[in-house]
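Colleague: I need the structure of the sequence given here:
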Amino acid sequence: MQKNIENEESRLTGSLIGNGQIDNFCKDCLERRRKWYWIIVGIAIIVLLLLIILSIHKII
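Modeller: Just a heads-up that it's a prediction; the model follows:
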């Protein structure tokens, strides 16, 4: 799955270099990746907090 995405990105990047649109394309990719990164980090933090709260309740 990841390999397919990388191949698709490299193909798109290759076709955009000729048009001079490479800068905008890369900025869009970085913005999207950053958004997904923060969503995943947020979910991980929430899960960790829930686990900590549940373990404290079991101790008490």
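Colleague: read off the pLDDT value for Tyr48.
Modeller: To be clear, residue 48 is Leu; Tyr isn't right here. The per-residue pLDDT reported for Leu48 equals 97.
Colleague: which SSE is it in?
Modeller: Leu48 is part of helix 22-59 when elements are defined by DSSP states H and E.
Colleague: that helix packs against which elements?
Modeller: helix 2-17 (3 or more CB pairs under 8 Å, 6 or more residues apart in numbering; DSSP states H and E). Using the backbone N, CA and C atoms, a C-beta is placed for each residue, glycine as well.
Colleague: quick check: mean pLDDT of the helix it packs on?
Modeller: Averaging pLDDT along helix 2-17 gives 55.
Colleague: let the chain start at 176 from now.
Modeller: Taking 176 as the first residue, the last one we looked at is helix 177-192.
Colleague: so Ile215 versus Leu226, what's the distance?
Modeller: 17 Å (CB to CB, to the nearest Å).
Colleague: nope, Val216 is what I meant
Modeller: 16 Å.
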